[in-house]
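Asker: Sequence first, then the predicted structure:
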Amino acid sequence: MYIQNWNYKNFRKEKAQCSCGCGCDLVSKSFMDKVQKARDIANRPFYETSVCRCERENIRVNGSLNSDHITSIEKKIYCCAMDISYTDSIELYEIIKACMEARLPQIIVYASKKILHVGESILRPRKIFLVEK
């Protein structure tokens, strides 16, 4: 189920929309509930760099073909991923710890980009921590 009435105190719907401007913004409610819970636990801002992507934008940014960021109303696919930027290892640790406590099943660190990917895909196995250079 996707979010019909956006009501998240620390996240704006506009930031979740596809960056190409197409207006794509269908986010999984169960995923976003967990992200808000993680944000509450961490008690620090999460600076989201990517949430929803249409298929065209996903290709443009070289995203994986079955990316959890992809949203399609026609295919009933709802985004269940967020990329969060971090500045240092302490901030990274605190965000990861909060995401684990909130039971987000996918946490991937892209260290060279200082990006933390969190997701909740039903199609992929659980990945708690994977460092990508």
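Answerer: Sure, I can see it.
Asker: how much space is there between the residue nearest the centre of the chain and Q36?
Answerer: Among the residues of the chain, the one closest to the centroid is M82, at 1.2 Å (CA atoms, centre = their mean). Look at M82 and Q36: by CB to CB, to the nearest Å, they are 11 Å apart. Backbone N, C-alpha and C define where each C-beta goes, glycine included.
Asker: phi, psi of the residue nearest to the centre of the chain?
Answerer: With angles defined as degrees, to the nearest 10, M82 sits at phi -150, psi 140.
Asker: any idea how far it lies from N43?
Answerer: Separation of M82 from N43 (CB to CB): 18 Å.
Asker: now swap in P105 and tell me
Answerer: To N43, P105 is 22 Å away according to CB to CB.
Asker: So which of those two has more stuff around it?
Answerer: Neighbour count, other CB atoms under 10 Å: between P105 and N43, P105 has more, with 19 against 8.
Asker: close enough to count as contact, that one and V118?
Answerer: No - using CB atoms under 8 Å, P105 makes no contact with V118, being 9.0 Å away.
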